[in-house]
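Colleague: pasting a predicted model and its sequence here:
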Amino acid sequence: MQQGTAPRADDKANDTEIVSVAAYMRVSTAERKGKYGIPAQAQAIRAFVGERTSWRLVGAREDMGESGSTDSRPGLTALLGDISTGQVNLVLVHRLDRLGRTEAALWRCIWQIEDAGARVGCCAEPLGEPGLEWWLTVDRLAREVEADYRRIVSRTQSGRQLKAADGGWPGGPPPYGYRISGKGAFGSTLEVDPGEAEVVRFLADLVIEGGRTLSGLAEELNSPGIPTRNGKRWTAVNLHRRLQSAAFAGEAVFRRPDRQRGGHCTRLGGDGHPLHGETVVIPLPSILPVQRIRAFQEAMAALTRQRRNPIQAYPLTGRIRGQCGRPYIGGFRSKTRSVHIDAQDGKQPTPAAASFFPLIAWRNRWHGT
């Protein structure tokens, strides 16, 4: 892999070697409206390159709405590809935090760029000559970047906590059946969305009526042409998520510790409690009456209750007893059905009695084969 030219920070007149520069810009979703957006970063980089006679701006890559706490970004990946082909000697950013907002993410980006064959330069924060001083400067700036990031996270999380405790909406998409009143303004809350509220009531009627699977309920919505919030068709999967909406509970829970699956989960500490604040229950304007909510929840529990498949029944359960006198029960071990001792009575089976037996062997013995 071709190695890049290490540019001198002061670009002295006797240094006539051409340096091929690629600009890298990044903004997170929250930063899009700030003063350091993509155009501002690009302008600063062009001006910086223009002051150095031997530098040539050969390209630019950007990541719009990408978090700086991760190094998995499409623009960065494309930039690394440009470097690996020998097109780029130097990656130039406006500020070092454009590469990463945590020390780990920032250093991973720098190492990837170095490994691909280029170096990193910064407009607003001079990094100095390549060598030990350069690395010490970057190390100091990386710590400052992370400290600033932690302060922002702390302020943001505290603000969201106070807003939720005051009954406001702390941010993010509203639950199905609701929309944000005063979006973008201080004190925004949730209000009933008339269109989605009709779907909520329709679904509640169908679930309480019973006799339908999740797929059947989805078809009841698709047949008259009722789309999801994103304009897509209903499926058993996305419908199941909507049926868990706050609209069917009459309240929303901020920092919910018991729901750790899906795209947006509450970060928990080692004690199992929310890491950035306490759980807050936010009362919502009612779409369903209290009695209707209770009836829906009971019907929903029956709808989603797992029913045992008769094909997976274990005919040997309770028919075989171990040396300790307790019965064996059926179960799975890897991909093989087997029977084992049931220790639910609190007693520990002896090692000999706790062994597993493949079900096929017992079936053959049962039929005398």
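Modeller: Cool, the structure landed. Numbering: from 1, shown residues only.

Colleague: and the helices in the stretch 1-150 of the chain, which stretches?
Modeller: 38-50, 74-84, 103-116, 132-165 (DSSP state H, counting those that start in this stretch).

Colleague: got those as TSV, with distance to residue 174 columns?
Modeller: C-beta here means a position set from N, CA and C on the backbone, and glycine is covered the same way. Converted to TSV, the helices of the stretch 1-150 of the chain look like this (distance: least, Cβ to Cβ, whole Å):
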stretch	distance to residue 174
helix 38-50	28
helix 74-84	28
helix 103-116	30
helix 132-165	13
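
Colleague: among those, which is nearest residue 283?
Modeller: Relative to residue 283, the nearest member of the helices of the stretch 1-150 of the chain by Cβ to Cβ is helix 132-165, separated by 11.2 Å.

Colleague: now the helices of the stretch 1-150 of the chain in TSV, with distance to residue 215, mean neighbour count and mean pLDDT?
Modeller: As requested, those are exported to TSV (distance: least, Cβ to Cβ, whole Å; neighbours: other Cβ atoms under 10 Å; pLDDT from 0 to 100):
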stretch	distance to residue 215	mean neighbour count	mean pLDDT
helix 38-50	44	16	90
helix 74-84	35	18	92
helix 103-116	42	18	91
helix 132-165	35	15	76
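
Colleague: gap between residue 228 and residue 287?
Modeller: Distance of residue 228 to residue 287, computed by Cβ to Cβ, to the nearest Å: 17 Å.

Colleague: neighbour-wise, which of the two wins?
Modeller: Regarding residue 228 and residue 287, a neighbour count based on other Cβ atoms under 10 Å identifies residue 287 as having more, with 24 against 19.

Colleague: how close does the more buried one get to residue 121?
Modeller: On the measure of Cβ to Cβ, residue 287 and residue 121 end up 56 Å apart.

Colleague: and what of residue 93?
Modeller: Relative to residue 121, residue 93 is positioned 8 Å away (criterion: Cβ to Cβ).

Colleague: same deal with residue 234?
Modeller: Using Cβ to Cβ, residue 234 is found at 51 Å from residue 121.

Colleague: burial check on the residue nearest to residue 214 when sequence neighbours are not counted, number of neighbours?
Modeller: Setting aside the residues directly before and after it, residue 214 is nearest to residue 236 in space (Cβ to Cβ, 6 or more residues apart in numbering), at 3.9 Å. Taking other Cβ under 10 Å as the criterion, the count of residues near residue 236 is 13.

Colleague: which residues are in contact with residue 236?
Modeller: With contacts taken as Cβ atoms under 8 Å, 6 or more residues apart in numbering, residue 236 has the following neighbours: 213, 214, 215, 218.

Colleague: what does the last one show for phi and psi?
Modeller: The one in question is residue 218. Residue 218 adopts backbone torsions of phi -60, psi -40, taken as degrees, to the nearest 10.

Colleague: just the third one next, same as before
Modeller: With angles defined as degrees, to the nearest 10, residue 215 shows backbone torsions of phi -70, psi -40.

Colleague: any idea how far residue 281 is from it?
Modeller: With the distance defined as Cβ to Cβ, residue 215 ends up 32 Å from residue 281.

Colleague: residue ranges with poor pLDDT in the stretch 201-350 of the chain?
Modeller: With pLDDT under 70 as the threshold, the stretch 201-350 of the chain has low-confidence stretches at 247, 254-278, 280, 305-318, 323-326, 328-350.

Colleague: ok, which stretches of it are helices?
Modeller: Along the stretch 201-350 of the chain, counting by DSSP H, counting those that start in this stretch, helices occupy 214-222, 236-242, 290-304.

Colleague: sort out which residues of the shortest one are buried, please.
Modeller: For helix 236-242, the buried set under the neighbour-count rule, 16 or more other Cβ atoms under 10 Å, comprises 238, 239, 242.

Colleague: and the longest one, by the same measure?
Modeller: The neighbour-count check on helix 290-304 (16+ other Cβ under 10 Å) flags 292, 293, 296, 299, 300, 303 as buried.

Colleague: now that helix against helix 214-222, angle please.
Modeller: What separates the directions of helix 290-304 and helix 214-222 is an angle of 130 degrees, with axes from the mean of the first three to the mean of the last three Cα atoms, to 10 degrees.

Colleague: tell me which strands and helices helix 290-304 is in contact with?
Modeller: Applying 3 or more Cβ pairs under 8 Å, 6 or more residues apart in numbering; DSSP states H and E, one finds that helix 290-304 makes contact with helix 194-209.

Colleague: and the helix it packs on with helix 214-222, angle?
Modeller: Between helix 194-209 and helix 214-222, the angle comes out at 140 degrees (the same axes, to 10 degrees).

Colleague: got the CA positions of helix 194-209 in PDB?
Modeller: The C-alpha trace of helix 194-209 is given here as PDB (Å, rounded to 0.1, in the frame of the first residue of the first chain):
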ATOM      1  CA  PRO A 194     -56.800  12.200  15.400                       C
ATOM      2  CA  GLY A 195     -55.900  10.000  12.500                       C
ATOM      3  CA  GLU A 196     -53.800   7.600  14.400                       C
ATOM      4  CA  ALA A 197     -56.200   7.600  17.400                       C
ATOM      5  CA  GLU A 198     -58.900   6.100  15.100                       C
ATOM      6  CA  VAL A 199     -56.500   3.300  14.200                       C
ATOM      7  CA  VAL A 200     -55.800   2.800  17.900                       C
ATOM      8  CA  ARG A 201     -59.500   2.400  18.700                       C
ATOM      9  CA  PHE A 202     -60.000   0.100  15.700                       C
ATOM     10  CA  LEU A 203     -57.200  -2.100  16.800                       C
ATOM     11  CA  ALA A 204     -58.400  -2.200  20.400                       C
ATOM     12  CA  ASP A 205     -61.800  -3.300  19.200                       C
ATOM     13  CA  LEU A 206     -60.300  -6.100  17.100                       C
ATOM     14  CA  VAL A 207     -58.000  -7.400  19.800                       C
ATOM     15  CA  ILE A 208     -60.700  -7.400  22.500                       C
ATOM     16  CA  GLU A 209     -63.100  -9.100  20.100                       C
END
